[in-house]
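Peer 1: Kindly return the folded structure for what I paste below:
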Amino acid sequence: MNEEALDRLLSAMAHSGRRRMLDLLIAAPGISIKALASHFDMSRVAVLKHVQVLEAAQLVLSRKEGRTRHLFFNAVPIQQIHDRWTDRYSAFWSERMIDLKQRVEGRANEQENHKSA
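Peer 2: Model (predicted):
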């Protein structure tokens, strides 16, 4: 994910109304703009503008059937952010835990050797 895409994603996620829209899309995949708008105290046009921001961030995918747009949540960008930061740190902590385990086991072995001597 390039920096521009990351900026769009984080900006889209920064708005509480858009996060609520994502929650609704997760709960009701394929929901229409009209049905989505019924959950908000704003016009359908305002909801559509928020959906467009979410689409630009690739968090929402839409499929048009006739005059109706069906909306779906796309988790891939969020997974990419997760992977970007957690993969580095999980490797870091995994190495530290292995080192700690080896040290503790080494000390336990030393103590057993001293007791048996």
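
Peer 1: Run through this protein and note the low-pLDDT ranges.
Peer 2: 108, 116-117 (pLDDT under 70).

Peer 1: let's see 80
Peer 2: Applying pLDDT under 80 to the chain picks out residues 85-95, 107-117.

Peer 1: show me where it has helices.
Peer 2: For the chain, the helices defined by DSSP state H cover 3-13, 16-27, 33-37, 44-56, 76-116.

Peer 1: and the gap between the residue nearest the centre of the chain and Val47?
Peer 2: Closest residue to the average C-alpha location of the chain: Ile78 at 3.0 Å, with C-alpha atoms, centre = their mean. Counting by C-beta to C-beta, to the nearest Å, the gap from Ile78 to Val47 is 21 Å. Where C-beta positions appear, they are placed from N, C-alpha and C, glycine not excepted.

Peer 1: Check Gly106 too.
Peer 2: Counting by C-beta to C-beta - Gly106 and Val47 are separated by 61 Å.

Peer 1: quick one, which of these two is more surrounded?
Peer 2: The neighbour comparison of Gly106 against Val47 (other C-beta atoms under 10 Å) goes to Val47, with 19 against 10.

Peer 1: Contact partners for the nearest residue to that one once chain neighbours are set aside?
Peer 2: Distances taken as C-beta to C-beta, 6 or more residues apart in numbering place Ala37 nearest to Val47, at 4.2 Å, with adjacent residues excluded. Applying C-beta atoms under 8 Å, 6 or more residues apart in numbering, we find Ala37 in contact with 43-44, 47.
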